[in-house]
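Undergrad: sequence? don't have it. structure:
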């Protein structure tokens, strides 16, 4: 049986984290919530919902993801697949089965949950998010002939392939770094259309001007860095 672990970076997601965990299909072996300096009941609510809770004091999405990976690296029984999922309930965790299906059924290395317009709740993505996704994926097509249409956070990857990527970004560039390195290492990849709704709470990235600007700079930085390699 395929072993699946889920990593959920979370910062002050007390109102949503239990909903996310409870909607994750039971085929998942372990759900790992990485609290990134949460000051509310995120950690307690995640633990009560049955997740393994880790604490990462360095602020940053990438820091949280790396913390989860470090924990998994020390487990005796390593997973076959890692799924990354946000803790704000904007994704539909029950669609995890769709996300991992190409890996299990077709031996695909890497799958992105694409937040296509027809499946997106009105207002679920901000104008800067939509533009940023378009710009980033267009540049990846231009420079690398990539076929990505989204930088969606809901994604699955074979564990051994994830390790080979040697992920390093600590903040906003985590998702695009993974996609660029997947292209460079010639991983097989695909996108699966997923539903997307308005998140619970305020986004720490797209919900602030500072967050949107820094995310954009990080994403474009990674793309241009790889375009000259």
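TA: Structure received. Keep in mind that this is a model prediction, so the values were computed, not measured.

Undergrad: And the spatially closest residue to residue 81 that is not a sequence neighbour, how close does it get to residue 93?
TA: By the measure of Cβ to Cβ, 6 or more residues apart in numbering, the closest residue to residue 81 outside its immediate chain neighbours is residue 4, 4.7 Å from it. Where you see a C-beta, it was placed from the backbone N, CA and C, and this is true even at glycine. To residue 93, residue 4 is 12 Å away according to Cβ to Cβ, to the nearest Å.

Undergrad: How about residue 108?
TA: The value you get for residue 108 to residue 93, if Cβ to Cβ is used, is 20 Å.

Undergrad: between the two, who's got more neighbours?
TA: residue 93 (23 against 19; other Cβ atoms under 10 Å).

Undergrad: Show the model's pLDDT score for the more buried one.
TA: Per-residue confidence (pLDDT) for residue 93: 98.

Undergrad: right, and it touches residue 84 too?
TA: No. Residue 93 is not in contact with residue 84 according to Cβ atoms under 8 Å; the separation is 11.8 Å.

Undergrad: which residues of the chain score low on pLDDT?
TA: In the predicted model, the chain carries pLDDT under 70 at residues 202-216, 227-229.

Undergrad: Tell me which stretches of it form helices.
TA: 17-22, 42-48, 61-73, 96-106, 127-144, 159-165, 174-184, 209-227 (DSSP state H).

Undergrad: If you tally nearby residues, what's the number for residue 221?
TA: For residue 221, using other Cβ under 10 Å, the count is 15.

Undergrad: Excluding chain neighbours, what is closest to it?
TA: In space, residue 221 is closest to residue 173, 6.8 Å off (Cβ to Cβ, 6+ apart).

Undergrad: Next up, the contacts around that neighbour.
TA: Residues near residue 173 by Cβ atoms under 8 Å, 6 or more residues apart in numbering: 62, 218-219, 221-222.

Undergrad: Please apply the same query to residue 22.
TA: Contacts of residue 22 (Cβ under 8 Å, 6+ apart): residue 49.

Undergrad: what sits against residue 94?
TA: For residue 94, the contact set (Cβ under 8 Å, 6+ apart) comprises 23-25.

Undergrad: Please state the backbone phi and psi of the residue at minimal distance from the centre of the chain?
TA: Centroid check for the chain by Cα atoms, centre = their mean gives residue 153 as the closest residue, at 3.0 Å. Per-residue torsions, residue 153: phi -70, psi -20 (degrees, to the nearest 10).

Undergrad: Quick check: nearest residue in space to it, chain neighbours excluded?
TA: residue 86 (4.9 Å).

Undergrad: Do I have it right that the one you found meets residue 11?
TA: No. Counting by Cβ under 8 Å, residue 86 sits too far from residue 11 to count as a contact (10.4 Å).
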